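Chemist: Predicted model and sequence below, questions to follow.
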Amino acid sequence: MNYQWLGQTEAMPVVEFHDVRAENDRADAYLGLIEGPLAAPFAEAGGGLLGQFRVAGHPDRVLLLRGYAGMPERRRTIEMYLKSAQWQANRASLLEQERQSSVILTRTLMPSSATRPLRLGEGCTAIVSELRFADQIGTYHLWLRLFLRKAGLDPLAAYSTLESVNDLPVVPVIKNRTHHIALVPDSGGVPQLPAELRGMLRYAPEILSLAPAPSLVW
């Protein structure tokens, strides 16, 4: 079973997950640019600022979620954004703060409430899984969602790798790998997956405790 649709109930069903490692003690400066002068031109170009998160236990690691209405809209948004005066003025400074980054291009698997503004102190947990075979993504999603519900961790949102040609080389994305990402309430831990789910994965899932960056807190 394999889900290939985009979430029709989502305004922005195409989502980029940017996993950024900032230079030592540069995460604040990096987020200051993302949330400051670079936020408006991205939104004005049609992109969605769906989340900026710090990763607990990794002071220099930041997770960014960027949304688009579709693949053609993604191309138009990014091309317009990269032509903006704000990007041209801040590009070098942003790259100075960044040590390493990777991007997973995904599609929404279920309606999301995870990208709403978060209250002070409220965060979430990301369960990042890499599957052995792409055609197992649908089964994995359904079984994982059922398992999490029984554990009291009904997902806020779920995404999987979008199997589409990346027509923007300027934003390289991870290729030839299938990821599933679930965002669940931050409630103190995720239980070990049962053997049936673990057997579908290349590695044990990465569990990331996420705290919203200041611009998402109200």
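Modeler: Nice, thanks for sending it over. Keep in mind the model is a prediction, meaning the values are calculated, not measured. Residues are numbered from 1 along each chain as shown.
Chemist: can you list the weak-confidence ranges in the protein?
Modeler: 1-10, 110-122, 214-218 (pLDDT under 70).
Chemist: what are the ranges of the helices in it?
Modeler: 27-35, 39-44, 71-83, 85-97, 137-150, 195-198 (DSSP state H).
Chemist: which of the ones you listed sits most buried?
Modeler: Ranked by mean neighbour count, these are led by helix 27-35 with a mean of 19 (mean count of other Cβ atoms under 10 Å). In short, each C-beta sits where N, CA and C put it, glycine included.
Chemist: outside of that helix, which residues touch it?
Modeler: 20, 22, 52, 54, 59-62, 64, 90, 93-94, 97-98, 213-215 (Cβ atoms under 8 Å, 6 or more residues apart in numbering).
Chemist: Verify the stated contact: residue 194 with residue 147.
Modeler: Yes. Contact criterion Cβ atoms under 8 Å: residue 194 and residue 147 qualify, at 6.6 Å.
Chemist: shouldn't residue 203 be in contact with residue 130?
Modeler: Yes. Counting by Cβ under 8 Å, residue 130 is a contact partner of residue 203 at 6.0 Å.
Chemist: If you count surrounding residues, which of those two has more?
Modeler: Taking other Cβ atoms under 10 Å, residue 203 and residue 130 do not tie; residue 130 has more neighbours (18 against 10).
Chemist: OK, contacts around that one?
Modeler: When contacts are counted by Cβ under 8 Å, 6+ apart, residue 130 touches 177, 178, 179, 201, 202, 203.
Chemist: Present the helices of the chain as CSV; the columns should include distance to residue 125.
Modeler: Shown next, in CSV, are those (distance: least, Cβ to Cβ, whole Å):
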stretch, distance to residue 125
helix 27-35, 19
helix 39-44, 25
helix 71-83, 27
helix 85-97, 26
helix 137-150, 10
helix 195-198, 16
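Chemist: Quick one: closest of the ones you listed to residue 187.
Modeler: Closest to residue 187 of the helices of the chain, according to Cβ to Cβ: helix 137-150, at 10.8 Å.
Chemist: So what touches that closest one?
Modeler: Under Cβ under 8 Å, 6+ apart, the answer for helix 137-150 is 1-3, 109-110, 127, 129, 131, 154-155, 158, 160-161, 178, 180, 182, 184, 190, 193-194, 196-197, 200.
Chemist: Need the distance between the two termini of stretch 18-35.
Modeler: 14 Å (Cα to Cα, to the nearest Å).
Chemist: One more: stretch 191-210?
Modeler: Distance across stretch 191-210, first residue to last, is 17 Å (Cα to Cα).
Chemist: what comes into contact with that stretch?
Modeler: Residues outside stretch 191-210 that contact it (Cβ under 8 Å, 6+ apart): 53-57, 63, 123-133, 136, 139-140, 143-144, 147, 151, 183, 186, 190.
Chemist: Go again with 6 Å.
Modeler: 53, 55-56, 123-132, 136, 140, 143, 151, 190 (Cβ atoms under 6 Å, 6 or more residues apart in numbering).
Chemist: Can you point out the buried residues in it?
Modeler: For stretch 191-210, the neighbour count (16 or more other Cβ atoms under 10 Å) marks 193, 197, 200, 201, 205, 208, 209, 210 as buried.
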